[in-house]
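*Asks:* need a 3D model of the sequence below.
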Amino acid sequence: MAFVSFVGRVLFVSVFVLSAWQEFNDFGTDGGPAAKSLKPKFHVFSNHLSTQTGVKVPEVEIKHLVAAAIALKGLGSLLFIFGSSFGAYLLLLHQAIVTPILYDFYNYDVEKKEFTQLFPKFTQNLALFGALLFYIGMKNSIPRRQLRKKAPKAKTT
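*Replies:* Residues are numbered from 1 along each chain as shown. This is a model prediction of the structure:
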């Protein structure tokens, strides 16, 4: 059963590993295509956040955000493969930050083409988020083996 669980974890994180690998290869000096597609969405998100909450989002370079996303996906995936809850938390953090920014279906009307393209991707990432929560919940609900001290054997003379 441990092998099946390992294979399941490998297949699950393949989504994260492959996207991190592609973003890493395309990174270049400016952050690559990921930075180009993230920049307008991040500005819309930060402007929306500022107007709704009054909190100003600090200026950051988009390529640093892409590098952080690559690091979260890469390290989180590696730790998750070996059964670490910390890896699941890193992937959960990535999903929680990136999903509402990249898949901003809520900025479009239901009849728009962008809505029909973004909403299924948003729900897929929501499913990945739920699977990570399920993994963390199951990992924490299974009691860990307790080390039992063996009773010393009585000496016979």
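
*Asks:* pLDDT below threshold where in this structure?
*Replies:* 144-151, 157 (pLDDT under 70).

*Asks:* at the geometric centre of it, which residue do we find?
*Replies:* Leu91 (2.9 Å; CA atoms, centre = their mean).

*Asks:* can you tell me the closest non-neighbouring residue to that residue?
*Replies:* Leaving out its chain neighbours, the residue that sits closest to Leu91 by CB to CB, 6 or more residues apart in numbering is Gly76, at 4.0 Å. All C-beta spots, glycine's among them, are computed from the backbone N, C-alpha and C.

*Asks:* on that earlier part again, the residue nearest to the centre of the chain and Val17 touch, don't they?
*Replies:* No: with contact defined as CB atoms under 8 Å, Leu91 does not reach Val17; the gap is 10.7 Å.

*Asks:* where exactly do the helices run in the protein?
*Replies:* Assigned by DSSP state H, the chain shows helices spanning 2-25, 32-53, 62-81, 85-102, 113-141.

*Asks:* can you say which of the ones you listed is nearest to Thr156?
*Replies:* Comparing these by their distance to Thr156 (CB to CB), the top pick is helix 2-25, with 39.8 Å.

*Asks:* the closest one relative to helix 85-102, how many degrees between them?
*Replies:* Going by axes from the mean of the first three to the mean of the last three CA atoms, to 10 degrees, helix 2-25 is angled at 40 degrees with respect to helix 85-102.

*Asks:* which parts of helix 2-25 are buried?
*Replies:* Within helix 2-25, the residues scored as buried using 16 or more other CB atoms under 10 Å are 9, 12-13, 16-17, 19-20, 23-24.

*Asks:* what's that helix packed up against?
*Replies:* For helix 2-25, the packing partners by 3 or more CB pairs under 8 Å, 6 or more residues apart in numbering; DSSP states H and E come out as helix 62-81, helix 85-102.
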